[in-house]
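1. below is the sequence, then the predicted model.
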Amino acid sequence: MAKRTDSETMSKHIRDTLRTDILDGRWEPGARLQLTQLSEHYDTSSTVIREALTRLVGDRLVTLRPNRGFFVPELSLAELGDIVEMRCANEQLAVTLGFERAPLEWESELIAAHHTLNRTPRRSAEDPDNHTPAWNHAHQEFHNKLVEACGVPMLSELTQTLSDLIQLYGRWAGPATRDVKRDIEQEHADILAAALDRDARLTGALLRKHYEITLNAVRNGGEAGLACADHAVLAS
């Protein structure tokens, strides 16, 4: 039993590390993920790597091509629009259910998640075009906390998947979104206030506006916005 537990812990660790590295842009969209190289890099067996990649296929952060292997997903502006629309609809349902069900302690946890997000540096001098990994994590934690009170695991998991995909796009569209005139801190403060008032309609509307600002920035950047991803396939 102990060996199995150790194996499961290692597998989850490798899967989480791979997920983070993909979202942080270690490999370009469309890049092949080779088992031998990955097993050497993460100092583990190819079996563990294969299992982790297979799980990430289910999360849509990895693409499996028959007889060719595993790849980082390619990017499509048309698909991004669909992903954002799905996220807006999904989170509207989640907050509607959650605000009816959430206990008082959830409000304290949401405030704490917002505080962490607000105090985490969004950009760094070393990489001014992209959000820092710490900020991306805090951002996802805040948005995850908003929807988790719905009490529907499948709904929360879908939200996480859509959030990951949008973060992946955001990583490669960083230069296109950097100079967008917006007050993202105020956007989050407004979302927090509406959520604490348990106003599902307003929260959903603010979330939609929040996501569509980024979507429109990427669209307005066009192919140039994702040009740093040399292997991306763009369908505008």
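-> The structure has been received and is ready for your questions.
2. switch to C-alpha atoms for all contacts and neighbour counts from now on
-> Will do.
3. can you show me the strands along this protein?
-> Along the chain, counting by DSSP state E, strands occupy 32-33, 63-65, 69-71.
4. residues of the second one that come out buried?
-> Which is strand 63-65. Within strand 63-65, the residues that count as buried by 16 or more other Cα atoms under 10 Å are T63, L64.
5. check stretch 112-132 too.
-> Going by 16+ other Cα under 10 Å, stretch 112-132 has these buried residues: A113, H114, T116, L117, N118, T120, R122, R123, D129, N130, H131, T132.
6. follow-up on the earlier one: TSV for the strands of the chain, including distance to V57 and mean pLDDT?
-> Listed next are the strands of the chain as TSV, based on distance: least, Cα to Cα, whole Å; pLDDT from 0 to 100:
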stretch	distance to V57	mean pLDDT
strand 32-33	12	95
strand 63-65	6	94
strand 69-71	9	95
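7. select, out of these, the one closest to C150.
-> Nearest to C150, of all the strands of the chain, is strand 63-65, at 29.7 Å by Cα to Cα.
8. spit out the contact partners of L35.
-> L35 makes contact with S46, I49, R50, according to Cα atoms under 8 Å, 6 or more residues apart in numbering.
9. most neighbours, which of these?
-> I49 (23 neighbours; other Cα atoms under 10 Å).
10. check that residue and give its pLDDT.
-> pLDDT, I49: 94.
11. try A176
-> A176 is given a pLDDT of 59.
12. if we can go back for a sec, save the strands of the chain as JSON lines, and put in distance to R219 too.
-> Output for these, formatted as JSON lines (distance: least, Cα to Cα, whole Å):
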{"stretch": "strand 32-33", "distance to R219": "26"}
{"stretch": "strand 63-65", "distance to R219": "24"}
{"stretch": "strand 69-71", "distance to R219": "24"}
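13. A89 is nearest to which of those strands?
-> Of the strands of the chain, nearest to A89 by Cα to Cα is strand 63-65, at 24.9 Å.
14. of all pairs in the buried residues of stretch 112-132, which one is the farthest apart?
-> A113 and D129 (24.2 Å).
15. who's in contact with D164?
-> L23, L61.
16. can you rerun that using 10 Å?
-> R19, T20, I22, L23, D59, R60, L61, N136, Q140, L158, G170 (Cα atoms under 10 Å, 6 or more residues apart in numbering).
17. again with P121
-> Listed by Cα under 10 Å, 6+ apart, the contact set of P121 reads H131, T132, P133, A134, W135, N136.
18. kindly recompute the last result at 8 Å.
-> P121 touches T132, A134, W135, counting by Cα under 8 Å, 6+ apart.
19. any idea which of those is closest to D82?
-> Looking across the contacts of P121 and measuring by Cα to Cα, the closest to D82 is W135, at 24.7 Å.
20. okay, and the helix or strand of this structure with the least pLDDT?
-> Using mean pLDDT, DSSP states H and E, the weakest-scoring helix or strand in the chain turns out to be helix 174-177, at a mean of 61.
21. quick one: low-confidence parts of this structure?
-> 1-7, 173-180, 221-236 (pLDDT under 70).
22. gap between the spatially most central residue of the chain and A193?
-> For the chain, the residue sitting closest to the mean C-alpha position, by Cα atoms, centre = their mean, is D164 at 2.3 Å. Distance of D164 to A193, given as Cα to Cα, to the nearest Å: 25 Å.
23. kindly report the same for D24.
-> D24 is 30 Å from A193, by Cα to Cα.
24. and the two? which has more neighbours close in?
-> D24 (19 against 14).
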